[in-house]
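Novice: Fold the stuff below for me.
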Amino acid sequence: MTDVQTTTDAELHEEEPRRSRTASTRRVVLLGAGAAGATAVLAACGTATNTGNTNGTDFSNKPAPAGSNGPAAGGGNTGGGGALAAVGDIPEGGGIIAGDYVITQPVAGTFKAFSKVCTHAGCDVNKVDGGQIACPCHGSKFAIDTGQPTSGPATKPLAETKVKVDGENIVAA
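Specialist: The predicted structure follows:
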């Protein structure tokens, strides 16, 4: 039996460029989709500038020396052992954010200081209102007297720094 050719040589040569154009177009679309996906992954993975600690522990850009008593001993913003705040600046039942600390006066004459770094994702808290310290990032709130979370997602308290009144100032104890 003989083969019967139903396609002419001219048609065969015309078909070949059409196939390569289809393959090239498909390849370009797939490469473009892959590049878009890789760009999205890279954008999500490494562009944050927040240097906060996400493991729920206290964080300081200026860690205290080994063997010290925490941020007040060498890190933090204490002005080299100076005042953290003036007594008159801290409202009773409220507080202020000063340097690396949230300084509160839960009841008259009692002062507390906590790290301003939220234990959930390392954001800085930004407000003291209604007996609560608030974090703007994910809505965590902390009690002004203990630093304990009163609403999540944070589950650990703000790190406390012992303070005392020295004249008209609040200083690290």
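Novice: Kindly list the single helix or strand of the chain that scores lowest on mean pLDDT.
Specialist: Ranked by mean pLDDT, DSSP states H and E, the helix or strand of the chain with the weakest confidence is helix 71-74, at a mean of 38.
Novice: okay but C135 is in contact with G152, surely?
Specialist: No: taking contacts as Cβ atoms under 8 Å, C135 lies outside contact range of G152: 10.3 Å. For the C-beta atoms, the positions are set from N, CA and C on the backbone; glycine is no exception.
Novice: Please compare these two by neighbour count and tell me which comes out ahead.
Specialist: C135 (26 against 11; other Cβ atoms under 10 Å).
Novice: For that one, which non-adjacent residue is closest in space?
Specialist: In space, and not counting its chain neighbours, C135 is closest to C118: 4.0 Å by Cβ to Cβ, 6 or more residues apart in numbering.
Novice: Could you do N169 as well?
Specialist: Nearest residue to N169, sequence neighbours excluded (Cβ to Cβ, 6+ apart): A83, at 3.5 Å.
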